[in-house]
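Asks: Test case, fold it:
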Amino acid sequence: MHAGDHGHVHRHADGTVHSHAHGGEHARGHAPGVGGDLDYGTGPARAHAPGMSQSRMVQIEQDILAKNNTYARANRAWFDERGIFALNLVSSPGSGKTTLLVKTIEALRGKLAITVVEGDQQTSVDAERIRATGVPALQINTGKGCHLDAHMVGHALQRLQPAEASLFLIENVGNLVCPAAFDLGEQHKVAILSVTEGEDKPLKYPDMFRAAEVMLLNKCDLLPYLDFNADLAEENARKVNPKLTVFRVSATSGDGMAAWLDWIEKGLEAQRGKRAESVDALKRRVAELERQLAAK
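Replies: Below you'll find the model as predicted:
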């Protein structure tokens with residue numbers, strides 16, 4: 001199977017695929033001994049595990065995600081019934097996610113009730129930072145796990161019992177890959193990219209930026225000191241997800257935070273309104289049933 005003028009794509013018996021350059025005349029000008037790039041993401045599973053076929057990997061992924069999605073639907077219904085606005089914050093490690101959460105909580109805690117779930121492989125350091133702001137926070141340690149799942153969040157809801165019509169914030173494990181596939185029942189995924197990372201992160205990790213509805217470009221106070229093109233970062237993110245809402249913020253200086261906070265308050269207001277509509281619809285249904293019974 002030809003990959004173009006300069007290489008071949010080979011599929012192995014287990015379904016994995018890789019490409020390499022032509023030999024002979026076509027190899028002239030290439031770095032000696034490299035022989036082309038390897039791509040293990042082109043099979044049906046878009047991943048690779050030694051000794052496991054692509055079909056088996058797809059089946060395992062479908063089974064895991066199906067169970068997770070069942071829990072996620074239950075979480076979402078739980079949030080909707082109570083008018084709770086739930087956000088799932090995702091990023092790579094070091095993006096300033098916890099600091100951003102702390103500043104968000106400090107700005108909003110006088111206006112609305114807030115509850116937080118913190119996800120990390122080990123330690124309760126981040127949960128302790130959140131608790132220091134005065135709001136309830138539950139730490140979930142995932143051990144070797146690289147993301148939170150909806151079952152974990154369901155258990156956290158049972159323990160935390162967030163107030164009705166409140167804000168529920170989930171800080172996922174620092175990872176731009178695995179959390180993209182796992183719906184936790186949130187209303188929105190919020191991807192955080194800091195200007196100390198590369199502008200090409202959205203292109204390198206497209207699944208995450210495709211799954212998110214909002215991107216926070218954080219640490220913008222450092223832009224004068226860095227060779228980082230914020231316009232290019234936004235452009236790359238919108239190549240992956242044209243509908244992405246982007247806020248440029250600095251949790252440290254507070255620049256841009258007002259727009260982010262306003263977006264949260266409007267989202268919570270909409271979630272409360274949806275709940276009120278559901279309650280009104282239920283009352284109308286009950287009244288209709290009572291009328292029908294009285295007429296018999």
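
Asks: This structure: strands as residue ranges?
Replies: Applying DSSP state E to the chain gives strands spanning 2-4, 7-11, 17-21, 85-91, 114-120, 137-141, 167-171, 188-194, 214-218, 245-248.

Asks: Tell me the buried residues in the lengthiest helix in the chain?
Replies: Longest helix of the chain, by residue count under DSSP state H: helix 257-295. Neighbour counts over helix 257-295 (16 or more other CB atoms under 10 Å) mark 257, 260-261, 263-264, 267-268, 271-272, 275 as buried. (C-beta placed from N, C-alpha, C; glycine too.)

Asks: Using JSON lines, lay out these together with distance to residue 150 and pLDDT.
Replies: Conversion of those to JSON lines gives the following (distance: CB to CB, whole Å; pLDDT from 0 to 100):
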{"residue": "257", "distance to residue 150": "29", "pLDDT": "97"}
{"residue": "260", "distance to residue 150": "25", "pLDDT": "98"}
{"residue": "261", "distance to residue 150": "27", "pLDDT": "98"}
{"residue": "263", "distance to residue 150": "24", "pLDDT": "98"}
{"residue": "264", "distance to residue 150": "22", "pLDDT": "98"}
{"residue": "267", "distance to residue 150": "20", "pLDDT": "97"}
{"residue": "268", "distance to residue 150": "21", "pLDDT": "97"}
{"residue": "271", "distance to residue 150": "18", "pLDDT": "94"}
{"residue": "272", "distance to residue 150": "23", "pLDDT": "93"}
{"residue": "275", "distance to residue 150": "21", "pLDDT": "83"}
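
Asks: Of those residues, which is the nearest to residue 177?
Replies: Minimum distance to residue 177 across those is 24.5 Å, recorded for residue 260 (CB to CB).

Asks: For burial, what's the neighbour tally of the spatially closest residue to that closest one that is not a sequence neighbour?
Replies: Distances taken as CB to CB, 6 or more residues apart in numbering place residue 247 nearest to residue 260, at 4.7 Å, with adjacent residues excluded. For residue 247, the neighbour count with other CB atoms under 10 Å is 19.

Asks: what sits against residue 247?
Replies: Shown in contact with residue 247 (CB atoms under 8 Å, 6 or more residues apart in numbering): 214-217, 256, 259-260, 263.

Asks: Could you find the closest non-adjacent residue to residue 212?
Replies: Leaving aside its sequence neighbours, residue 212 sits nearest to residue 191 (CB to CB, 6+ apart; 3.9 Å).

Asks: what do you get for residue 213?
Replies: Closest to residue 213 by CB to CB, 6+ apart is residue 188, at 4.5 Å.

Asks: Can you check the pLDDT for that neighbour?
Replies: At residue 188, the model reports a pLDDT of 97.

Asks: For it, list each beta-bridge partner.
Replies: Counting by DSSP bridges, residue 188 forms beta bridges with residue 87.

Asks: My guess is residue 219 contacts residue 196. True?
Replies: Yes: with contacts counted by CB atoms under 8 Å, residue 219 reaches residue 196, the gap being 6.0 Å.

Asks: Show me which of these two is the more surrounded one.
Replies: residue 219 (26 against 14).

Asks: show me what contacts the residue nearest to that one when sequence neighbours are not counted?
Replies: Leaving aside its sequence neighbours, residue 219 sits nearest to residue 194 (CB to CB, 6+ apart; 4.4 Å). Residue 194 is in contact with 91, 94-96, 217-219, counting by CB under 8 Å, 6+ apart.

Asks: quick one: residue 194 and residue 204, what's the gap?
Replies: According to CB to CB, to the nearest Å, residue 194 and residue 204 sit 15 Å apart.

Asks: same deal with residue 78?
Replies: Residue 78 is 35 Å from residue 204, by CB to CB.

Asks: Among these two, which residue is more densely surrounded?
Replies: residue 78 (17 against 13).

Asks: was I right about that one contacting residue 158?
Replies: No: using CB under 8 Å, residue 78 is not in contact with residue 158; the gap is 9.8 Å.

Asks: one step back: which strands or helices does the longest helix of the chain pack on?
Replies: In this structure, helix 257-295 makes packing contacts with helix 54-82, strand 85-91, helix 97-108, strand 245-248, judged by 3 or more CB pairs under 8 Å, 6 or more residues apart in numbering; DSSP states H and E.
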